[in-house]
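Undergrad: Just to be clear, the model below is a prediction. Sequence and coordinates:
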Amino acid sequence: MGATLSNKMQKSQNGLCSHRPFDPSYHCMRKHPLFWLPNLLTIARCFMAVGVAWLIFMIAEKETSLISLVQSASVDAQTRAVHQDMISDYRTFWGGMALLLFLASAITDFLDGFLARLWNVESRFGRLLDPIADKLAVGFPLLVIAGISNWALPIALPVFAIIFRDLLITFLRFAGLGAGRMAVKFIAKLKTFLEMVLIVVFLSLLAFIKSGNANLSHYLTLWTICLWGVAAVSVYTGTIYLVGLFGKPKHQPPEPEPMMIED
């Protein structure tokens with residue numbers, strides 16, 4: 001009697017598992033109770049990208065309005081000095097907030113993949129969303145930086161090159177045109193790292209360099225030169241991807257998981 005009941009319970013449990021053999025979330029939940037956390041961190045990174053971009057725009061708008069007030073002929077010297085201090089304080093505080101938010105975003109970029117691999121809860125959704133979150137984290141701030149520069153060509157052109165490259169590669173991935181795990185993987189990761197460093201440097205200039213600093217224009221010039229260098233790396237990785245994609249032999253076995261490409 002006891003053996004029969006035990007066999008029935010075991011069959012019932014096996015039957016319960018067999019109803020959902022291909023449900024990734026079900027198996028992830030059985031592996032680790034926090035299986036949802038890596039994807040949540042990736043989603044949070046998308047919102048952080050919007051937050052960083054908004055803070056950059058807000059700082060630029062407020063600084064412009066205060067500078068126009070300071071430069072007004074009707075403003076006396078004392079009021080001008082007070083508003084100049086307000087500009088510096090505002091820029092330092094919110095620039096620091098933007099920098100911290102972006103650094104938190106960069107940490108989640110490492111943490112989501114690390115936890116997913118550690119807990120063995122990697123999912124197709126996470127593999128799809130992670131590179132998109134990376135592109136948003138870089139693209140939104142760069143686009144706003146180009147905007148607050150009044151779309152000056154030395155800044156706008158490399159920014160457009162970076163964003164266009166990312167949009168094109170993302171479109172090809174969604175279209176299902178993958179090239180497998182290519183040799184471009186390392187340099188593509190280097191590209192993303194350099195883009196993030198570029199934004200960290202810009203936010204550091206906002207947070208730690210006062211608007212009236214005589215060296216600020218020199219720092220921004222160097223930053224713009226670095227922007228062109230990063231854009232060149234971005235275009236290069238995109239070119240390698242396209243050559244590998246459209247230059248491959250016509251007759252070859254199907255490629256596994258296009259969504260896992262590192263671009």
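TA: That came in fine, so what should we check first? As the structure is a prediction and not an experimental result, all values here were calculated from the model.
Undergrad: which regions of the stretch 151-263 of the chain lie under the pLDDT threshold?
TA: 176-185, 247-263 (pLDDT under 70).
Undergrad: who touches stretch 143-154?
TA: 53-54, 56-57, 60, 155-156, 159-160, 163, 202, 224, 228 (CB atoms under 8 Å, 6 or more residues apart in numbering). Where C-beta positions appear, they are placed from N, C-alpha and C, glycine not excepted.
Undergrad: Go through those and name the one nearest residue 169.
TA: Residue 169 has its nearest neighbour among the contacts of stretch 143-154 in residue 163, at 11.0 Å by CB to CB.
Undergrad: Surely that closest one and residue 139 touch.
TA: Yes. If you go by CB atoms under 8 Å, residue 163 and residue 139 touch, sitting 5.1 Å apart.
Undergrad: So which residues of the stretch 1-150 of the chain form helices?
TA: Assigned by DSSP state H, counting those that start in this stretch, the stretch 1-150 of the chain shows helices spanning 2-19, 24-31, 37-70, 77-118, 124-148.
Undergrad: and the third one, average pLDDT?
TA: Summarised as a single mean, pLDDT over helix 37-70 is 89.
Undergrad: Check which residues of that helix are buried.
TA: 37-39, 41-43, 45-46, 48-49, 51-53, 55-57, 59-60, 63, 66, 70 (16 or more other CB atoms under 10 Å).
Undergrad: Could you do the last one as well?
TA: Residues 126-127, 129-148 are the ones in helix 124-148 that count as buried (16+ other CB under 10 Å).
Undergrad: got TSV for the contacts of stretch 143-154, with distance to residue 215 too?
TA: Output for these, formatted as TSV (distance: CB to CB, whole Å):
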residue	distance to residue 215
53	26
54	28
56	21
57	24
60	19
155	19
156	24
159	23
160	28
163	29
202	15
224	15
228	20
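Undergrad: Mind picking the two most distant members of these?
TA: 54 and 228 (25.9 Å).
Undergrad: And for residue 174, the neighbour number?
TA: By other CB atoms under 10 Å, the residues close to residue 174 number 12.
Undergrad: sorry, back to before: can you check which of the helices of the stretch 1-150 of the chain gets nearest to residue 213?
TA: Of all the helices of the stretch 1-150 of the chain, helix 77-118 comes closest under CB to CB, at 9.5 Å.
Undergrad: Run through the stretch 1-150 of the chain and note the low-pLDDT ranges.
TA: 1-30, 67-83.
Undergrad: let's see 90
TA: Scanning the stretch 1-150 of the chain for pLDDT under 90 picks out the ranges 1-36, 62-91, 109-110, 112-113, 116-117, 119-131.
Undergrad: got the helices of the stretch 1-150 of the chain as TSV, with distance to residue 218 columns?
TA: Formatted as TSV, the helices of the stretch 1-150 of the chain follow (distance: least, CB to CB, whole Å):
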stretch	distance to residue 218
helix 2-19	65
helix 24-31	51
helix 37-70	19
helix 77-118	18
helix 124-148	17
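Undergrad: what about stretch 105-123, distance to the chain center?
TA: 14 Å (CA atoms, centre = their mean, to the nearest Å).
Undergrad: quick one: contacts for the residue nearest to residue 58 when sequence neighbours are not counted?
TA: Distances taken as CB to CB, 6 or more residues apart in numbering place residue 94 nearest to residue 58, at 6.6 Å, with adjacent residues excluded. Residue 94 makes contact with 55, 58, 59, 62, 206 under the criterion CB under 8 Å, 6+ apart.
Undergrad: now residue 63: how far from residue 220?
TA: Using CB to CB, to the nearest Å, residue 63 is found at 14 Å from residue 220.
Undergrad: Could you list the buried residues of the strand or helix carrying residue 157?
TA: Secondary structure from DSSP states H and E places residue 157 in helix 153-174. Neighbour counts over helix 153-174 (16+ other CB under 10 Å) mark 155-156, 158-163, 165-166, 169, 172-173 as buried.
Undergrad: Could you save those as CSV and add columns showing distance to residue 196?
TA: Listed next are those as CSV, based on distance: CB to CB, whole Å:
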residue, distance to residue 196
155, 18
156, 20
158, 16
159, 15
160, 19
161, 17
162, 12
163, 15
165, 16
166, 13
169, 17
172, 23
173, 21
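Undergrad: Cool, thanks, talk later.
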